[in-house]
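K.L.:
Coordinates for the following, if possible.
(one chain, ligands or ions: 2)
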Amino acid sequence: VSELDPLCARLVSGDRRALARLLTIVEDGSAPQRRELIATLHPSAPRARVLGITGAPGVGKSSVTNALITELRGRGHRVGVVAVDPSSPFSGGALLGDRIRMQSHHADQGVFVRSMAARGRLGGIAAAAPEAVLVLAAGGYDVIVIETVGVGQSEIDVAALADTTVLVMAPGMGDAVQAAKAGILEVADVLVVNKADQPGAGMLESELRTMLEVGHAILGAASPSESDARSAWVPPILRTVAVRGEGIAGLLAAADEHERADHGSESRELRRARRWIEELALSTLRTRIGRSERLEELAAAVAERTLDPLRAAQALLDGLRAEGEGDA
Ligand SMILES: Nc1nc2c(ncn2[C@@H]2O[C@H](COP(=O)(O)OP(=O)(O)OP(=O)(O)O)[C@@H](O)[C@H]2O)c(=O)[nH]1
Ligand SMILES: [Mg+2]
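P.N.:
Numbering: from 1, shown residues only. Ligands and ions are numbered 1, 2, ... in the order given. Predicted structure coming up:
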């Protein structure tokens, strides 16, 4: 009998130490119990609402999250927070999450904050985050906030998972231009100009407004099918002073509205499931390719031009398929 069943039972009954241990299994994607854990929790875990909070370093994501927790607790929700650190290979000690934890919700049993390393496992946050959401939901947390720092892939991954993605910016950091360049603006459902008590908030807001208009025009023309569901939704731009809780009720109201409005041709749940399977399959493939000795042989042949790269890739895939199953 596995040690997992009692742990899962404790998780469901609200045991925070069990929750922490199960999240570690998920974070370390290679843990042998992970597959069984997911299989055990998946059929019956409640569906949780997922809010993504993204933005450049220091713009106030944790402060916004902290204020959001207060708001959500006021509505009676139990809130799980996953703070993703894309730069660190280990979640270890005093990272983002701990910074929140040390603030107002330290002693609140209805709040659980966890830091997680994006590079801790293959597939990064795209692979780990949906599993963390599953574990937290099974533990009774019905709203899950995922905070990601930086500008890049991790934000796009989180946007794919979240019901609503909030992009936080702050004046005086050239964020709008950066975000637009990185393609972040198009995955954001709500834009927040935080630190609105600082000079330059108005300028950032109008800069954003312009970029949104331009971006929408280009996006709408370039890929009408993909943007179908989203194109109807125009991301609102809100001002907050997170450290004082100002504008946070409005932010949550905007997220609510987005969730009600986001009626694409297919459900969020379906999109999420597709993406989840895809990511698992891809990381399995990457692992197997990484382990394959065949790659070296094929690379040598391609380098010497005795084999063309298309045939080499085909041979690699054929070889992997023959190697068997059970790595996802
Ligand atoms: N003046 C002002 N300062 C703020 C506001 N929100 C956050 N800050 C400050 O900005 C700094 C960074 O805030 P965090 O919430 O840690 O920002 P973050 O985006 O989570 O930072 P990282 O996780 O390190 O990327 C802190 O010193 C906050 O006190 C605000 O609305 N106004
Ligand atoms: Mg933070």
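
K.L.:
Pull the residues that contact stretch 295-313.
P.N.:
Residues outside stretch 295-313 that contact it (CB atoms under 8 Å, 6 or more residues apart in numbering) are Ile289, Ala315, Leu316. All C-beta spots, glycine's among them, are computed from the backbone N, C-alpha and C.

K.L.:
and the last one, that one's in a strand?
P.N.:
Looking back up the chat, that one is Leu316. No: counting by DSSP: H, G, I helix; E, B strand; the rest coil, Leu316 falls outside a strand, being helix.

K.L.:
After the helix or strand where Val133 lies, which helix or strand is next? Please name it.
P.N.:
Element membership for Val133 (DSSP states H and E) is helix 124-138. Downstream of helix 124-138, the next assigned helix or strand under DSSP H and E is strand 143-149.

K.L.:
Confirm that Pro32 sits in a strand.
P.N.:
No: under three-state DSSP, Pro32 sits outside any strand and is assigned coil.

K.L.:
tally of neighbours for it?
P.N.:
By other CB atoms under 10 Å, 9 other residues sit near Pro32.

K.L.:
Strands of the stretch 51-200 of the chain, start to end?
P.N.:
With DSSP state E, counting those that start in this stretch as the criterion, the stretch 51-200 of the chain has strands at 79-85, 111-117, 143-149, 164-169, 190-193.

K.L.:
where are the low-confidence patches of the protein?
P.N.:
Within the chain, the stretches with pLDDT under 70 are 1, 85-103, 118-124, 150-152, 174-176, 179-182, 215-231, 262-266, 324-328.

K.L.:
Geometrically speaking, which residue is the centre of it?
P.N.:
Val158 (2.4 Å; CA atoms, centre = their mean).

K.L.:
Looks like that residue contacts Thr148 (just checking).
P.N.:
Yes: taking contacts as CB atoms under 8 Å, Val158 lies within contact range of Thr148: 5.0 Å.

K.L.:
Compute the distance between Leu208 and ligand 1, please.
P.N.:
Leu208 sits at a distance of 16 Å from ligand 1 (criterion: CB to the nearest ligand atom, to the nearest Å).

K.L.:
The residue nearest to the centre of the chain: what's its closest spatial neighbour, skipping adjacent residues?
P.N.:
Spatially, and ignoring its direct neighbours in sequence, Val158 is nearest to Gly52 (4.2 Å; CB to CB, 6 or more residues apart in numbering).

K.L.:
Can you report how many residues lie near the one you found?
P.N.:
By other CB under 10 Å, the residues close to Gly52 number 28.

K.L.:
which ones are touching it?
P.N.:
Val145, Ile146, Thr148, Glu155, Val158, Ala159, Leu161, Ala162, Thr164, Thr165, Val166.

K.L.:
go with 6 Å
P.N.:
Ile146, Val158, Ala159, Ala162, Thr165 (CB atoms under 6 Å, 6 or more residues apart in numbering).

K.L.:
does it have beta-bridge partners, and which?
P.N.:
Ile146, Thr165 (DSSP bridges).

K.L.:
if we can go back for a sec, just among the contacts of stretch 295-313, which is most surrounded?
P.N.:
Leu316 (18 neighbours).

K.L.:
in the protein, which spans are helices?
P.N.:
For the chain, the helices defined by DSSP state H occupy 4-12, 16-27, 34-41, 61-74, 96-101, 124-138, 153-161, 175-181, 201-222, 228-231, 248-261, 268-291, 294-303, 309-322.

K.L.:
which stretch among those helices comes nearest ligand 2?
P.N.:
helix 61-74 (3.2 Å; CB to the ion).

K.L.:
Can you name every helix or strand that the closest one contacts?
P.N.:
Using 3 or more CB pairs under 6 Å, 6 or more residues apart in numbering; DSSP states H and E, the elements in contact with helix 61-74 are strand 49-55, helix 96-101, strand 143-149, helix 248-261.

K.L.:
before we move on, the earlier item: how far away is the residue nearest to Val158 from ligand 1?
P.N.:
Taken as CB to the nearest ligand atom, the span from Gly52 to ligand 1 is 13 Å.

K.L.:
one step back: not counting its own residues, what contacts the helix holding Val133?
P.N.:
11, 22-23, 26-27, 41, 45-46, 48, 50, 80, 82, 84, 118, 121, 144, 154, 157, 161, 276, 279, 283.

K.L.:
Run a quick check on Ala170 versus Asp197, I expect a contact.
P.N.:
No: contact criterion CB atoms under 6 Å: Ala170 and Asp197 do not qualify, at 10.4 Å.

K.L.:
who in this protein is up against ligand 1?
P.N.:
55, 57-63, 96, 99, 149, 194-195, 197-198, 241-243 (CB under 6 Å from any ligand atom).

K.L.:
Restricted to buried residues, select these in PyMOL.
P.N.:
PyMOL command restricting these to the buried ones, with burial defined by 16 or more other CB atoms under 10 Å:
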select buried, resi 55+59+60+61+62+63+96+149+194+195+241+242
